[in-house]
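*Asks:* prediction below, plus the sequence it came from.
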Amino acid sequence: MRTAEPTTRAQKEVLVTGDQQSGWSPVAGEQAVSSRAVLLNIELQFDGSGYLLCYASDDGLLWGDTWHISENEAKQVTLEEFGVQPHEWRHA
């Protein structure tokens, strides 16, 4: 099995409200109780057929990944979701 290879990286401070989902739906009418600034480490990895957009907070409490057909598509998602500008990417 081939492993994904990092192509580019970025870091971005984002405002997060609430906590990592546990898989259970929130109680009706329940509101998030906290907001905080979190530094995300973001990395694009080429897996041979597309790009994994992987992100994790420095404290390890927030993380996730998505798959994209192209590097440009993955970067567009980071722009829309996290505000990562094109000049903020660094080659891995």
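*Replies:* Thanks, I have it. Predicted model only: the values in this text are computed from it and were never measured.
*Asks:* run through the bridge partners of the most centrally placed residue in the chain.
*Replies:* Geometric centre of the chain, nearest residue: Y55, 3.5 Å, by C-alpha atoms, centre = their mean. Beta-bridge partners recorded for Y55 (DSSP bridges): I42, G64.
*Asks:* list the contacts of it.
*Replies:* Applying C-beta atoms under 8 Å, 6 or more residues apart in numbering to Y55 gives the contacts 40-43, 62-65, 82. C-beta here means a position set from N, CA and C on the backbone, and glycine is covered the same way.
*Asks:* and the strand or helix carrying E13, which strands flank it?
*Replies:* Taking DSSP states H and E as the definition, one finds E13 inside strand 5-17. Here strand 5-17 is paired, per DSSP bridges, with strand 35-46 (antiparallel), strand 90-91 (antiparallel).
*Asks:* list the contacts of the longest one.
*Replies:* If you take C-beta under 8 Å, 6+ apart as the criterion, strand 35-46 is touched by 4-17, 51-59, 62, 71, 74-75, 78, 82, 84, 92.
*Asks:* in ChimeraX, how would I select just the buried ones from the residues you listed?
*Replies:* Selection of buried members from these for ChimeraX, criterion 16 or more other C-beta atoms under 10 Å:
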select :4,7,8,9,10,12,14,16,51,52,53,54,55,56,57,71,74,75,78,82,84
